[in-house]
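Asker: Please work out how this folds:
(one chain, ligands or ions: 1)
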Amino acid sequence: MNKKLLTTVLALCGTLSLEAQVSTSRNVFIYSPAPGDGLHIAVQEGDIWREAGRLCSSDYGTWGAEKKMFYPSVCRAQDGTWRLVFQVNDRAPLFAAAYSRDLVNWRPQDYPIMTTKQCLEPVVFTNPDGTFDVYFKSPQGKRWTSATPNFRNFSPDRASQISDDAWLRDTATVGGKLFEGYGFEISPMEWAKIERHFKKSGEDWRKANERMHDDAKNADLPRETVQATLTVDLSKQKKISDKLIGIFFEDISYAADGGLYAELVQNRDFEYTPRDHRGWTATTAWHSAKPIEIATENPLSKNNPHYALLWTDTLWNEGWDGIVVEKGKRYDFSMYVQAGGQKQDFSIELIGQDGTVLAKSKLKTNAVSWQQYATVLTAKASDTKARLAIVPLKAAHVGIDMVSLFPQETFMNRKNGLRKDLAQVIADLKPKFVRFPGGCMSHGQGLENIYHWNHTVGPLQDRKPDFNIWNYHQTRGLGFFEFFQFCEDIGAEPLPVLAAGVPCQNSANNAQGIGGQQGGIPMDDMPAYVQEILDLIDWANGDPTNSKWAKMRADAGHPEPFHLKYIGLGNEDIISTVFEERYEMLCRAIRAKYPDIKICGTVGPFHAPSADYMEGWEFTKAHPDLQYMVDEHYYESTGWFMHNRDYYDSYDRSAAKVYLGEWAASTKAKRPNIETALAEALYLTDVERNGDVVEMTSYAPMLSKDGHSNWNPDMIYFSNTDVRPTPAYEVQRLFSVYGGDTYVTSSFSGIASAYQHRLGASVVRDSKTGATYLKLVNALPTELSLTVRGLDVPATADTEGFAGKPEEQQLTITKGKAGASIVLPAYSFRVIKL
Ligand code: AHR
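Answerer: This is a model prediction of the structure:
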């Protein structure tokens, strides 16, 4: 930029004499109170600057250490829109860039990567032709510039001679403290919009804080039985999705290894590393009298390079917090052995906590190169915390790897199968689909950790283990074949969700110091990644006689296709330019080769009006040919759910469908209880009402193992010995088991508007069975006496439901009859089967 132009731009972008402005327009001051506090706006009132609120904050990098905004620079474009750049830290070769039409809603941030290693104090200027220039410094004080026509694509940086004047900022005293920032004069209308935004945010916040737990203090609520009428209009019916309730499976909180995957040996492949978890090594969970020798020469598989070398000492495995052994049950033991032809016999034993030998079997080996040996152990007694012992009976040097112990009783007695009790509770929910392999775990912690489905199929020893974003290890024993098989076993549609060419936006820095989406998979590598996604469809649905991928499926025991219909791309990603470019490329390739596959995109990690949600939907509507459905995520308070029950009412019915892929209500207790369950039940009555636009929903996360929780609340808690479905589970189960494909319009009357949000009703019909279900939710602290009009509710109709106190974390399901009159107790949910 030349100097004359810079002077013009500086006049446009700020350097006002702020303390003296008087006008019918408003003087505002845009600044950042602290790096972790984002971009704020203050307004001049008389002689003082009043803080009005936060406009946006940094979305860069990991939570905690990153997400900081240094030296924000703001300018106003010729067309009145706003541009923001800021420094993210003092290490990254990039800066942050975002734009807004109104200062209130900001497009998701981009982080253009520069050749300069550190991009310090970026400043932005607008040019008369509508383009922008960004200037920044490197640590030695050298100046650099990058140009952008659209604020999305930035030119490579080049050296600049720009003067120090470019870094002049305004100052203002806000709340008694002097800040540097940028002053602007905006119109009264613009200011009114900003004020409305902050006022609404305040009201929303107040509503979101409503808690059933505090109902005794809530003067808006009734104190005596409420009499109401529910009018059902049988003439007003509409088709709704018959797949509304499914499950979200993610390997979080030990959901897979040590959880649903029935393998009883921990670190069976000796592949644990400190990347999985600080302090972990190839011998974690293994014990011996002397240090365990680990070798890597001539491994069983290049994907599993480590194995243990045994001599005469017994090798113990502690299992996953111990091994549960049940008297009379049979266990399949196997391991690979390599011994250069030496003979070795082993005694394979299960040892109880008091040293009792619970089961024992002899294994004779005589392996030259890697060979698998197996035996069956039958338990003579039970123990909940047994250990596995591999006892060498001779003096011989042998390598062992892939040491495995499986109960013969798995879900559906599958080999390499799932824990029976846990899988059964999931199956009882009758989910219509299963989303896997997760949320954050799908897109991974950095580019290197993106989940590649093809690393998870084939012989177990050739699958590629990896670290888990949730701070432990993935063996991939529970891989895509097992996920698809589980779907088939429980009659659910498979919904694989894979990365859209970008890792999690909360990823840590890579070797180049680039965090967050790390620039996405390089465009040169994208064709290979696109092919990988196409291969998945081929693997799942192809013909083994002419497809190598389908043959792999057939070789694994499933020659028939899996009939994959849906594929998810992206998981609550920041909808950056980097994301959109890669996502569109993936969609176009799938649409071209497999036009019948229904693509599910993502609209970011939060609900309206968050930046990613707004941009995600804008992109979706601008590309109606690309995707069938988009994935929305929101974890919210019970108050939020109760006050946003019309969320989907105004959704465009001609746009993409919605998959509410992750959601859960929570209170401060962070555990599902009657209050969260009722808020979820209320919301689901509205989801059913909007079942013509919402195609699928899944509560998240689903599983959490005691002592290994990464997240709360969860739907099902479990230990090695028990499985504890929560109130959240029961709500999901009742809506799933008593779901339908047709919605019948109904409405309440006789209820004060102050507590309408506490009552819910939904009537659905299932055309396959002819059944009609009436669901009723009473989240009031008083009884509800209900008259139903327009629908015959026989006194003998079966009912199922629950009632309790808001804070109770356990509930009892009661079954009964509708009775002559319908009275719902305080805090209750009931399904009436008609
Ligand atoms: O459900 C837990 C996590 O929440 C998921 O991994 C992620 O997608 C979301 O942020």
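
Asker: Any idea which residue of the stretch 701-834 of the chain lies closest to the ligand?
Answerer: Using Cβ to the nearest ligand atom, the single residue of the stretch 701-834 of the chain nearest to the ligand is residue 701, 4.2 Å away. Just so you know, the C-beta spots here come from the backbone N, C-alpha and C atoms, and that holds for glycine as well.

Asker: try the stretch 1-150 of the chain
Answerer: Nearest to the ligand, among the residues of the stretch 1-150 of the chain, is residue 63, at 10.5 Å (Cβ to the nearest ligand atom).

Asker: quick one on the thing from earlier: these two touch, right, the residue of the stretch 701-834 of the chain closest to the ligand and residue 715?
Answerer: Yes. With contacts counted by Cβ atoms under 8 Å, residue 701 reaches residue 715, the gap being 7.2 Å.

Asker: got any ranges where this protein has weak pLDDT?
Answerer: Within the chain, the ranges that satisfy pLDDT under 70 run 1-23.

Asker: so what's the residue of the stretch 701-834 of the chain closest to the ligand up against?
Answerer: By Cβ atoms under 8 Å, 6 or more residues apart in numbering, residue 701 lies in contact with 248, 250, 252-253, 255, 439, 662, 711, 714-715.

Asker: Name the nearest of the residues you listed relative to residue 86.
Answerer: residue 439 (27.9 Å; Cβ to Cβ).

Asker: mind checking the SS state of residue 534?
Answerer: helix (DSSP: H, G, I helix; E, B strand; the rest coil).

Asker: quick one: it from residue 798, how far?
Answerer: Here the criterion is Cβ to Cβ, to the nearest Å. By it, residue 534 lies 48 Å from residue 798.

Asker: Between these two, which is the more surrounded one?
Answerer: Between residue 534 and residue 798, counted using other Cβ atoms under 10 Å, residue 534 has the larger neighbour count: 18 against 13.

Asker: Chain neighbours aside, what residue packs nearest to that one?
Answerer: Spatially, and ignoring its direct neighbours in sequence, residue 534 is nearest to residue 593 (5.8 Å; Cβ to Cβ, 6 or more residues apart in numbering).

Asker: Please apply the same query to residue 112.
Answerer: Sequence neighbours aside, residue 154 is the residue nearest to residue 112 in space, at 3.8 Å (criterion: Cβ to Cβ, 6+ apart).

Asker: Taking the protein, what residue is nearest to the ligand?
Answerer: The nearest approach of the chain to the ligand comes at residue 439, 2.3 Å away (Cβ to the nearest ligand atom).

Asker: Contact partners for that residue?
Answerer: Residues in contact with residue 439 (Cβ under 8 Å, 6+ apart) are 248, 250, 252, 497, 571-572, 633, 661-662, 700-701.

Asker: ok, now with 7 Å
Answerer: Shown in contact with residue 439 (Cβ atoms under 7 Å, 6 or more residues apart in numbering): 250, 571-572, 662, 700.

Asker: If you rank those residues by neighbours, which is first?
Answerer: Counting by other Cβ under 10 Å, top hit in these: residue 571 with 30 neighbours.

Asker: Is that residue part of a helix or strand, or is it coil?
Answerer: Of the three states, residue 571 takes coil under three-state DSSP.
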